[in-house]
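Peer 1: Need a 3D model of the sequence below.
(chains A, B, C and D)
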Number of protein chains: 4
Amino acid sequence: MSHINSSTKGVFVIAVTPFNEDGSLDNASVDRMVDFYYEKGADGLTILGMMGEAPKLTQAESIEVARQTIKRSGDKPVVVGVSAPGLAAIGELTKAVMDLGAAGVMVAPPSSLKTDEQIIGYYRNVVETVGTDVPVVLQDFPLSTGVQISSKTLGTILEAHPSIVMVKHEDWPGLQKITDLRQAEANGRRRTSILCGNAGVFLTEELQRGADGAMTGFPYPEMMVGVCRLSQEGRFDDAQDLFDAYLPLMRYEQQPGLGLAVRKYILMKRGAIASAAQRRPGTALSRLATAEVEKLMERQTKKLELLN
Amino acid sequence: MSHINSSTKGVFVIAVTPFNEDGSLDNASVDRMVDFYYEKGADGLTILGMMGEAPKLTQAESIEVARQTIKRSGDKPVVVGVSAPGLAAIGELTKAVMDLGAAGVMVAPPSSLKTDEQIIGYYRNVVETVGTDVPVVLQDFPLSTGVQISSKTLGTILEAHPSIVMVKHEDWPGLQKITDLRQAEANGRRRTSILCGNAGVFLTEELQRGADGAMTGFPYPEMMVGVCRLSQEGRFDDAQDLFDAYLPLMRYEQQPGLGLAVRKYILMKRGAIASAAQRRPGTALSRLATAEVEKLMERQTKKLELLN
Amino acid sequence: MSHINSSTKGVFVIAVTPFNEDGSLDNASVDRMVDFYYEKGADGLTILGMMGEAPKLTQAESIEVARQTIKRSGDKPVVVGVSAPGLAAIGELTKAVMDLGAAGVMVAPPSSLKTDEQIIGYYRNVVETVGTDVPVVLQDFPLSTGVQISSKTLGTILEAHPSIVMVKHEDWPGLQKITDLRQAEANGRRRTSILCGNAGVFLTEELQRGADGAMTGFPYPEMMVGVCRLSQEGRFDDAQDLFDAYLPLMRYEQQPGLGLAVRKYILMKRGAIASAAQRRPGTALSRLATAEVEKLMERQTKKLELLN
Amino acid sequence: MSHINSSTKGVFVIAVTPFNEDGSLDNASVDRMVDFYYEKGADGLTILGMMGEAPKLTQAESIEVARQTIKRSGDKPVVVGVSAPGLAAIGELTKAVMDLGAAGVMVAPPSSLKTDEQIIGYYRNVVETVGTDVPVVLQDFPLSTGVQISSKTLGTILEAHPSIVMVKHEDWPGLQKITDLRQAEANGRRRTSILCGNAGVFLTEELQRGADGAMTGFPYPEMMVGVCRLSQEGRFDDAQDLFDAYLPLMRYEQQPGLGLAVRKYILMKRGAIASAAQRRPGTALSRLATAEVEKLMERQTKKLELLN
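Peer 2: From the prediction side, this is the model:
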C-alpha cells in the first residue's frame, strides 16, 4: 500500500469501530463497513480516530482493527490514529501499524499543551519518535483537544517537519486558516495536503478556500465524494445544492458526544454495520432523537430525489 | 412595560450594539435596529448579551443603551444581560435597568464555577442580590462559559428560585435537556419558559421538544418568527422547509467569534444598522468571507422564492 | 505622586479591601490598613487586585477605594488593578485612578486568550486604550487566569511596549522566567522591573534570580521587607533564615480561595483592619482552620524570637 | 501480598520510574530504589502514578515495572496507578497487575468529566470494569486533572462503591474535605482510608484532620514516616518541628512539572537511583536550579542536626 503524501486529495472516511451489543469487537462488520465506504466512493480510510472510539480499545485490539481494515482495503490507503498520552505508546502503535501497511499516522495534540512553544516541541518529539519516514497527519481540532494552534504556529511546525504531510483541518471557525496555509505556500512554503473534518459542515467553503478534500465520518460518504467532484469541476453551485440537501442531517450529526450515536445508527440502517452499539461509556440515542434522525433521513431522501 | 414570566413565549431577538466606525455608540442606529426587529415580528428583545458586545461597554454606556432600547420598544419587553465578574456590578446594573423598565435580566454563570454546588450557590447569590421581584433568565451556554449545568442541577436551581422564570437554552447537544425540563414539569415542577439560542441551528427540534420560542440574534428574525408560528400550528414540515432555506447561512453565522461580524454585516446590508463596525477587539470579515456570505444570502433569497 | 518605572524596586503590598460585617466598605479601616502597611516597611501598595476583591466592587466603589488609599499614601506609589472583561472599562478606570494620582495600573490577561498571538494582541490593545503615558504592570499569574505566557511571548510584549514597565511575576514554576528576562536584558533588551507574587513562597530564590522585590499580600510585610534588605546586602543565608521562620504560615496562606480568609484574619488580629469580613461570595475560616492559623502564628512568633 | 483496605494507614511512597540516560528502563535501579524506600520506613509503594511517568511507558513496560517492584517488595503492599483514557486499558492493566500481586489500583478521573453526574458515572464504570474484588484508590487531584470533586460528590461515590477503599487526597485547598469525610463517617458512612499527596506540604494539618498517612513521593520518606509517627503519639509540636525542617525543600519540590526533576535529582544524590534522567518529554534541572536544590539540601541537613 502506498503512503499518503503532501499531494494527497479526495475523501478519507473516518471509520467507526463496529462493536457487538456486548461491547466486543464485531469483526464481521469491519469488512462490511470497509466495503461500504469504498462502494460509496471513499479514496481512503482513517481509523482509530476520536470518533472511532480508539481510547476504548486495548493496544492489542487497536492493532487487530488496523490489520483487518488495512487488509480489506487492498491498495487503498488507510491512515491510523495513534494519539496517546505518551510518546512511547505512540511510537509502539505507529511501528505496528506501519509494518501492517498503514499509509500514515494521525496525531492530535494532548490537552496539556499550553503555549505555542509547547505545541511546536510536541510535534518535534512526535516526529522524532515515529521517525521521519512515517507520513504524519496533524489533527487540528481545538473544540475537542482544547489546544488552539494559530496559523503561524502551524506554519512553524510544517516548515520544521516535511514528514507532516497532511493537516486534518477542523478548527472552528477555520476557513481563514486554510487561506493562510495556501497563501504561505504561494509565498514559498512547501505544499501540505489539507483534508477537512468537522462533520463536513463547511466542506463547500473549505474546498473553495483550497482544501484537498474531506476527512470526516458523515455516514453518507457519497455526499463528500459528490461535493469534492463537483467542486473540482468548478460546478460550485451544484456542489452547494448537493451539500444543502444533506445539511440538516449533517448539522444534527455534528453534535459533540451524541453525534457518534447518530452516525452508528445511520450506518446500521444503511447496512454498513450490524449494530449501532458503542463500547462503554457511550451516549445512547433516545426514542425522541431516533425519531428526529429518521425524519431527517426521510426528508433528505426526498430532497435528493428533487435534485436528480 | 410588563415583566417576562414563566409562560413567556415567542421570539426575543438578541440585539447587537451598533457602533460607529470610530468605536463610539451609534445611537441613531439603535432606534432603527429596534424598529427593524419588531417589523420582522420580534416579540421582544434581549440586549447587552455576549453578542451585544456588552463587556466592551462602560457601565454608563450600558445604561444608555438600555434606556434608549427600552424607550423605543414601547410596551414590548426588553430583557437586559447583566452578567459581570461580581455581584455588586450585577446588582447595580439590574437596579438601573429595572428602574428604566426592563422586563427582566439575564445572567450567565462565570467560568470560575467548577462543581454543581458552586453553580447552585452562585444563582442563590444572584437572586438574593437582584431581589426576588426581578425576573431572571438563566443563560445556559457551556460552549462559551465553560460551565456545564446538568439537567438535575438546573432543576435544583429552578426549584429553589421561582424568580428564575426563564432558561436561555443553548447547551450543545441540548435537546435532551429540554425534554428533561418538560418531563420534570409534567411530574410536578413549576413551569419555566425556555427560549433557545445557539444561533437557531436546532430551532425546529427544540420547539417540538417543548421550547417556547427563540432567543437568538440570527439577522433574519422572520425565520424564527415563521418557524415558531408554523410549529405552533402543527405544520412541522412547513416549519422545517422554511428552516432549511435559512440553514446554510445560519450554519455560517454560528461560527464562534466570526459570527458577530457576519451578523452585523447582514444587518447593515438589510438597513438595520449603519455600520458593521465592532468595538475593539473584534473580528473583521475578510474579503473572502464577505463573498461567502453574499453568496449564501443570494442562494437563500432564491430558495425562499421557491418556497412561496 | 511619582509613577512606577522600569527601575522600581522594593515591596509593594497587595492590599485587601476592608469590609464591614454587612458587606459595606469599611472606610475607617482603609486608613488604618494603609498606615499599617507603611509602618511595616512597604515601599508602595497595589490595590484592587484579585486578592483585593476588586470584581466584587462597583466601579464607583473602586474609585472611592483608590481615592482614599492614594490620598493616605501621601508620596508613596499606589498601583491600581484595572483588569476587566472589556477595554472600555479598563480605559475608564485607568483614567479615573491616574487622575487621582495612581503610580500605574496592573492588567492581567482575560482567560479567553488562547494563542500567543492573542496574548500579544491583547496587551497591544491595552496599551492603546490606557495611553502610552500610563505605566502598566503586566500580571503573569497562570494558575489564576489560565493564560500561560512563555518567556518568549513575554519578551515580544515587553519589546513592543516600553510603557509596560513592570511584571508582577507569579508563574509557578517561574524561577526560570526571571532568569530568562534578565538574560534577555543582558543581551540588550530594555530593563523591566520584576516584583514577585505567589504569596511570597519563592521570594528568596526570586531575588537571587534577579527580581527587584515583592508584590504580594502576605500579612507580615516585614518579612518581605527584611528578606529584600538582607538579600540586597548579600546576606542570603540570613534572608533564608528569616524566610524559613515565616514559611509554614506562608504555605498555609497561599491556599487558593481560602488564603484571603487567612490573610484578613491575621490582618484583623494584627489590628490593621476592623473585620475579617469578605464581601459575598467569600470563603469563611472554619473553627479548625482558625485554630491551625493561630497555632502557626504562635510558632512563628517563637521562631522569630529565636532568630533575634 | 495482602490488599489495601479501608483501614490502611501509614506511608505509601509514590515511586519514580528509573530510566537510563538513553531513556530505557533502568531495571537495576528499580530494586535499589525499592530497597531505599523501605529502608527509610515506607509501609508500601505506589507505582505508575503521574510522577512515575506512567503515560510515557508502553503497556508492556508498565507491567514489567509492576512485576519487578511487586516482587522486590515482598509482603509490602504495592498500589498500581492504572489511569488511562479508556476503560478497556484500565481493565487490562488492572487484571495484569492484580495477577502479579498488586495490593490495589489507583484511578484519577479523566479531564473530560464536567458535571458531578459524569464523575459519579465514571467511577461506577471503573468499578464495574475492574471488578468489585479489586481495591480501588480514588485519586482526587484537581490541580492536575482539572476535575473538581466536591465532598458531597465524593461521598456519593464512596457510598455506592465499597471497593473504593482509599482516597489519595490532594485537593488544594483540601483540609476541609478531610474533615467532611471524617464527619460523614462519624454520622454513619463506612470508613475510608485517606492518604495525602500534594508533595506532603500540608501533612501535619492533614493528619490532625484525620488522614491516615501520606501517599506522596517527597524524596525523604523518613520525614513522612517521622511526622506520621509523632502525630500518632500526639506529639504534634515535635511533628511540626520535623516537618518545618524539610518544608523549604518540600516547597521547592512541589513545583508542577519541575518537581519531578528535583525529586529524581535528590534520589540520585541519595543513591536510590543511578540517574536523574526522565524519559522524553521531561523538564531538566538548570544549573541555577541545581544550585538552589543543593543549597536547600545543605540547609536541611543543618536544621535536622539542630533538631537532634
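
Peer 1: Please make it C-alpha for all contacts and neighbour counts, starting now.
Peer 2: Noted.

Peer 1: Relative to chain B, how far out is the closest residue in space to residue A:4 that isn't next to it in sequence?
Peer 2: Spatial nearest neighbour of residue A:4, excluding adjacent residues (CA to CA, 6 or more residues apart in numbering or on different chains): residue A:103 at 5.5 Å. Relative to chain B, residue A:103 is positioned 33 Å away (CA to the nearest CA, to the nearest Å).

Peer 1: Could you check how far residue A:103 is from residue D:262?
Peer 2: 42 Å (CA to CA, to the nearest Å).

Peer 1: now do residue A:212
Peer 2: According to CA to CA, residue A:212 and residue D:262 sit 48 Å apart.

Peer 1: These two: which has the busier surroundings?
Peer 2: Between residue A:212 and residue D:262, counted using other CA atoms under 10 Å in any protein chain shown, residue D:262 has the larger neighbour count: 26 against 23.

Peer 1: The more buried one: helix or strand, and which one exactly?
Peer 2: helix D:258-269 (DSSP states H and E).

Peer 1: tell me which residues in the least confident helix or strand in chain A by mean pLDDT are buried?
Peer 2: Of all helical and strand segments in chain A, the minimum by mean pLDDT, DSSP states H and E falls on helix A:142-145, at a mean of 93. Neighbour-count burial for helix A:142-145, counted by 16 or more other CA atoms under 10 Å in any protein chain shown, picks out A:142, A:145.

Peer 1: Please enumerate residues in contact with the helix or strand following that helix?
Peer 2: Of the helices and strands lying after helix A:142-145 in sequence (DSSP H and E), the nearest is helix A:151-160. Helix A:151-160 is touched from outside by A:116, A:120, A:123, A:124, A:164, A:177, A:180, A:181, A:189, A:190, A:192, with contacts defined as CA atoms under 8 Å, 6 or more residues apart in numbering or on different chains.

Peer 1: Among the residues you listed, name the buried ones.
Peer 2: Taking 16+ other CA under 10 Å as the criterion, what is buried in the contacts of helix A:151-160 is A:116, A:120, A:123, A:164, A:177, A:180, A:181, A:192.

Peer 1: burial measure for the nearest residue to residue A:21 once chain neighbours are set aside, as a count.
Peer 2: Among residues not flanking residue A:21 along the chain, residue A:277 sits closest, at 5.5 Å (CA to CA, 6+ apart). Using other CA under 10 Å, residue A:277 is surrounded by 23 other residues.

Peer 1: Confirm residue A:277 sits in a helix?
Peer 2: No - assessed with DSSP: H, G, I helix; E, B strand; the rest coil, residue A:277 is coil; it does not lie in a helix.

Peer 1: can you give me the helices for chain A?
Peer 2: Per DSSP state H, chain A carries helices over the ranges A:27-39, A:59-73, A:87-99, A:116-130, A:142-145, A:151-160, A:175-186, A:203-209, A:221-232, A:236-253, A:258-269, A:287-307.

Peer 1: need the least confident one among those, by mean pLDDT.
Peer 2: Ranked by mean pLDDT, those bottom out at helix A:142-145, with a mean of 93.

Peer 1: Residues of chain A that sit close to chain B?
Peer 2: Taking CA under 8 Å from any CA of the partner chain, the part of chain A that reaches chain B is made up of A:172-173, A:201, A:205, A:244, A:247-248, A:251-252, A:255-258, A:292.

Peer 1: and those residues, which are buried?
Peer 2: Buried among these by 16+ other CA under 10 Å: A:172, A:201, A:205, A:244, A:247, A:248, A:251, A:252, A:255, A:258, A:292.

Peer 1: Which strands and helices lie in contact with the least confident helix or strand of chain A?
Peer 2: Helices and strands touching helix A:142-145, as assessed by 3 or more CA pairs under 8 Å, 6 or more residues apart in numbering or on different chains; DSSP states H and E, are absent.

Peer 1: Skip the chain neighbours and tell me the closest residue to residue A:96.
Peer 2: Per CA to CA, 6+ apart, closest to residue A:96 is residue A:63, 7.1 Å.

Peer 1: what residues are up against the one you found?
Peer 2: By CA under 8 Å, 6+ apart, the neighbours of residue A:63 are A:93, A:96, A:97.

Peer 1: Can I get those residues in TSV including neighbour count?
Peer 2: What follows is those, written out as TSV (neighbours: other CA atoms under 10 Å in any protein chain shown):
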residue	neighbour count
A:93	24
A:96	16
A:97	25
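
Peer 1: before we move on, back to that, ok, the residue nearest to residue A:96 to residue A:16 distance?
Peer 2: For residue A:63, the distance to residue A:16 - CA to CA - is 15 Å.

Peer 1: What of residue A:78?
Peer 2: Counting by CA to CA, the gap from residue A:78 to residue A:16 is 13 Å.

Peer 1: neighbour count winner among those two?
Peer 2: In this view residue A:78 and residue A:16 are compared by other CA under 10 Å, and residue A:78 has more residues nearby, 31 against 27.

Peer 1: and that one, what is it in contact with?
Peer 2: Counting by CA under 8 Å, 6+ apart, residue A:78 makes contact with A:44, A:45, A:46, A:47, A:69, A:70, A:102, A:103, A:104.

Peer 1: which one among those gets closest to chain D?
Peer 2: residue A:47 (16.7 Å; CA to the nearest CA).

Peer 1: How many residues are close by the closest one?
Peer 2: 27.

Peer 1: beta partners of it?
Peer 2: As for beta bridges, residue A:47 partners with residue A:80 under DSSP bridges.

Peer 1: quick revisit: mind putting the buried ones among the residues of chain A next to chain B in a markdown table, distance to chain D included?
Peer 2: Formatted as a markdown table, these follow (distance: CA to the nearest CA, whole Å):
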| residue | distance to chain D |
| --- | --- |
| A:172 | 19 |
| A:201 | 24 |
| A:205 | 31 |
| A:244 | 33 |
| A:247 | 28 |
| A:248 | 28 |
| A:251 | 23 |
| A:252 | 22 |
| A:255 | 16 |
| A:258 | 15 |
| A:292 | 25 |
